[in-house]
Each structure stands twice: as structure tokens, then as C-alpha cells.
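A.B. asks: Curious how this folds, go ahead:
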Amino acid sequence: FWRRTFVRTVFSLLEAMNSIVKEKALQAACSGDKTAINTTRIELLGDYTYRIEKNGKLEQQEHRFPFVNYTAFVLRSLCEESYVEPSFFSDNGWNEFQKAVQVRHRLTHPKKDADLDISDKELETVREAMRWYHNALHHAFSNSTFWAPGEQVQPGALPVWGPGTQSDNSGVAEGPPSVN
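C.D. replies: Numbering: from 1, shown residues only. Model prediction:
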């Protein structure tokens, strides 16, 4: 039960963070220092898409993208629009992130009882995915000349999780609680 709860909670947090990253990427894409504006990127960072109906009116539809694809898109957009190279996709953590999403999908849409079990290795994969995302965010906000000091992700603002670590009571969580 606790392992499933942990995985669901991690992905709820990642979805919320994607929403914040999307807003920051949109802010960066529309910033005044641009010599060219990528309207396609701005459209895809928006919440809606539009379809022209037979009567010529526009119908608004909510964007729906696969989670992995959209996570990569918002992180890449944030980097590129704030002049940072999105080099973190070559890290093994990106592979672990994709594996963790598969664990989440299996838990969300189980086909058999065994699909609800989470192994120690899968739990570590989810932790590594969170660690990768955290590091990617720090990297994406690393251009201090682009972001005003209050807009940068400050060290310690996000939890830093390592294998089996716990809070050191400094106010910065170093790891999730044990989920056995």
C-alpha cells in the first residue's frame, strides 16, 4: 500500500511541477529579449488547442499529451527559451524516468493482481526519476543572467533525494520516508 501511495504521490508532484515549469517556459518564450518568437512552442505550452468547426467557429479543446513527451517538451522549452543547453536528456536518469512512468502506468491501469506490486528495484527507479527531474530543474534555471534572482530555483528549494536518505533536520529533505 505505501509503495503504491509513494509512486502516485511522486507523479502527482511531477505533474504539478510540469505545470509550473510550463508557465515559466511560456514566460521565457514571451520575454522581451527575443529576436524571434516561436509561436508553435507558445501554442503548445498553452492549455488549449483550437479546431475550426464546419460553421467557421472555433472550438476550444484541452491539450492532451503523453506524460513523458510533455515532460521532455516543457523542460526542453524552458532550457532553450532561457538560453541553457538541455544536456540532461543524455543522463541515465532520463531512462530511469521513463521506466518509472511505466511503473506508474502499470499501477494506474492494472491488468492482474501482480501489477499492483512494486519491487525494491522499481522503487529505486522512481526515486532516481525524481532525482533526475530535480537536477534537470536546477539545470534549466541555471542561467542567472536570464532569470531575476527571485525567479531562480535556489539550492535547497527542492528536496534532494538520495538512495535511502532521510531528512537531516536542516529543513532540506534529503530523501523520501521509508516505504516498505
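A.B. asks: all helices for this structure, in order.
C.D. replies: 2-29, 39-45, 67-81, 92-108, 120-140 (DSSP state H).
A.B. asks: Distance from the last one to the middle of the chain?
C.D. replies: In this view, helix 120-140 has its centroid 10 Å away from the chain centroid, taken as Cα atoms, centre = their mean, to the nearest Å.
A.B. asks: and if you look at the first one?
C.D. replies: The gap between the average C-alpha position of helix 2-29 and the chain average comes to 5 Å, counting by Cα atoms, centre = their mean.
A.B. asks: angle of that helix against helix 120-140?
C.D. replies: For helix 2-29 against helix 120-140, the angle by axes from the mean of the first three to the mean of the last three Cα atoms, to 10 degrees is 20 degrees.
A.B. asks: buried ones in helix 2-29?
C.D. replies: Residues 3-4, 6-7, 10-11, 14, 17-18, 21-22, 24-26, 28-29 are the ones in helix 2-29 that count as buried (16 or more other Cβ atoms under 10 Å). Every residue, glycine included, has its C-beta placed from N, CA and C.
A.B. asks: out of those residues, who's nearest residue 46?
C.D. replies: The nearest member of these to residue 46, counting by Cβ to Cβ, is residue 26 at 7.4 Å.
A.B. asks: Can you name the residues that contact that closest one?
C.D. replies: 42, 45, 46 (Cβ atoms under 8 Å, 6 or more residues apart in numbering).
A.B. asks: redo that, cut-off 6 Å
C.D. replies: Shown in contact with residue 26 (Cβ atoms under 6 Å, 6 or more residues apart in numbering): residue 45.
A.B. asks: ditto for the one 3 residues further on
C.D. replies: Listed by Cβ under 6 Å, 6+ apart, the contact partners of residue 29 are 41, 42, 81.
A.B. asks: quick check, nearest of those to residue 70?
C.D. replies: Distances from residue 70 to those, taken by Cβ to Cβ, are shortest for residue 41, at 12.8 Å.
A.B. asks: For residue 17, see how far away the closest one is.
C.D. replies: For residue 41, the distance to residue 17 equals 19 Å [Cβ to Cβ, to the nearest Å].
A.B. asks: picking up where we left off before, compare the helices of the chain and give me the one nearest residue 54.
C.D. replies: Ranking the helices of the chain by proximity to residue 54 (Cβ to Cβ) places helix 39-45 first, at 22.5 Å.
A.B. asks: Relative to residue 146, tell me which of the helices of the chain wins on proximity.
C.D. replies: Checking the helices of the chain against residue 146 by Cβ to Cβ gives helix 2-29 as the closest, at 7.2 Å.
A.B. asks: Low-confidence stretches in the protein?
C.D. replies: Scanning the chain for pLDDT under 70 picks out the ranges 148-180.
A.B. asks: can you count the residues close to residue 33?
C.D. replies: Per other Cβ atoms under 10 Å, the neighbour tally for residue 33 reads 8.
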